[in-house]
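S.K.: Fold the stuff below for me.
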Amino acid sequence: MNPQRTVRRAIPCAGIGLHSGNRVTLTLRPAPANHGIRFKRTDLGGLEIRATVANVATMHYATGLARDEGSVDTVEHLLAALVSQGIDNVSVELNTPEVPIMDGSAAPFVYLIHEAGLKNSGASRKYLKVLRPISLGRGDKQIVVYPADDFRVTYTISFDHPLLRHQARSIRVTAESFAEDIAPARTFGFLKEVEMLRQRGLALGGSLDNAVVLGETGVLNNTLRFADEFVRHKILDVIGDLALVGYPIVGHVVAQRGGHALHTAFATKILAERDAWCLIEAPAGGPVESVVPQPAAIGLPVPAKANA
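M.R.: So this is what the prediction gives:
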């Protein structure tokens, strides 16, 4: 276990918001110990929104945060990249209300973190260690976290589609396993839902370049990065959504047919069941290790520069 970390230097990128369709400039900046992950809206005078369950806002098909008159949407991929790579403190500056979708995965954000580098924040990191099972179910959707000695996720999905009748995967989440096995998995959707979403003012920035699109019998736009890319992306989503707990989790998360609403409600329930967990600390000091591979090494695009 390691002390609190932040990025070593500021690093910008640019992209398009999946649902808004707006161009976004985003910069990761170093932050001091105990700062946490905060989104800073530069277009709203620097309004800050902490990445916590207290700020979760209702949003379809993504996870959003809001405070006062400001909001930030589609935060889950960036949050997953940050927490999986051991980032506790960072200021995420952006000039619109939505994090860019990039290529639909978390790999470009992992690349940014690698390029920025990591440094210790000079304080102990606290972990949330699960002591007994905590569960939440809604119909055929369920999520549970069990006691464990590390952070693991097991996920099962099933849809009424030939490619998605059943997919399941289990992984011990480390910086390296996330970067190689989970981060490249892209968001996915069904062609029949695209028009409906756009009529509701969503998916305006969606394209065949930033999502896996499924027709009635198969993938429309390109080949899959993994045979089970869909369930890997669900693991990515739950890691990002559970980052809103505010502490790295020491436990085994098991989810079936979940989604953002269930994930974020579960994050709230974890914090509410105070007798089911305790906080433990890692000593401050010590080296920072970074084992994040370059996107080029796994055949992924490099993020666009902010001034491109």
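S.K.: Could you list every helix and strand that the helix or strand where Ile171 lies packs against?
M.R.: Element membership for Ile171 (DSSP states H and E) is strand 167-172. On a contact count with 3 or more C-beta pairs under 8 Å, 6 or more residues apart in numbering; DSSP states H and E, strand 167-172 meets strand 151-157, helix 229-242. Every residue, glycine included, has its C-beta placed from N, CA and C.
S.K.: just these: most buried one?
M.R.: Sort the helices and strands packed on strand 167-172 by mean neighbour count, taking mean count of other C-beta atoms under 10 Å, and helix 229-242 sits at the top with a mean of 25.
S.K.: Please find the angle between the direction vectors of it and strand 167-172.
M.R.: On the basis of axes from the mean of the first three to the mean of the last three C-alpha atoms, to 10 degrees, helix 229-242 is oriented at 50 degrees to strand 167-172.
S.K.: ok, residues contacting the next helix or strand after helix 229-242?
M.R.: Remark: after helix 229-242, the chain's next helix or strand is strand 249-256, criterion DSSP H and E. Residues from elsewhere that reach strand 249-256, judged by C-beta atoms under 8 Å, 6 or more residues apart in numbering: 127-130, 140-157, 234, 238, 242, 262-263, 270, 277, 280.
S.K.: Gly17 contacts Asn95, doesn't it?
M.R.: No - here Gly17 lies out of contact with Asn95, judged by C-beta atoms under 8 Å, at a distance of 10.9 Å.
S.K.: What segments of this structure are helices?
M.R.: 76-84, 107-116, 175-177, 191-199, 229-242, 260-272 (DSSP state H).
S.K.: hey, least reliable of these by pLDDT?
M.R.: Here the lowest mean pLDDT among these goes to helix 191-199, at a mean of 66.
S.K.: and the nearest residue to Thr58 once chain neighbours are set aside, how many neighbours does it have?
M.R.: Spatial nearest neighbour of Thr58, excluding adjacent residues (C-beta to C-beta, 6 or more residues apart in numbering): Gly64 at 7.5 Å. By the criterion of other C-beta atoms under 10 Å, Gly64 has 23 neighbours.
S.K.: With Pro100 instead?
M.R.: By the measure other C-beta under 10 Å, the count of residues near Pro100 is 28.
S.K.: and it, how far is that from Glu193?
M.R.: For Pro100, the distance to Glu193 (C-beta to C-beta, to the nearest Å) stands at 22 Å.
S.K.: Return the residues in contact with the residue nearest to Gly36 when sequence neighbours are not counted.
M.R.: Nearest residue to Gly36, sequence neighbours excluded (C-beta to C-beta, 6+ apart): Arg50, at 5.8 Å. Arg50 makes contact with 36-38, 65, 67 under the criterion C-beta under 8 Å, 6+ apart.
S.K.: Do me a favour and get the end-to-end distance for stretch 25-39?
M.R.: Taking C-alpha to C-alpha, to the nearest Å as the measure, stretch 25-39 stretches 13 Å from start to finish.
S.K.: And it, how far out from the chain middle?
M.R.: 15 Å (C-alpha atoms, centre = their mean, to the nearest Å).
S.K.: Thanks again, I'm all set now.
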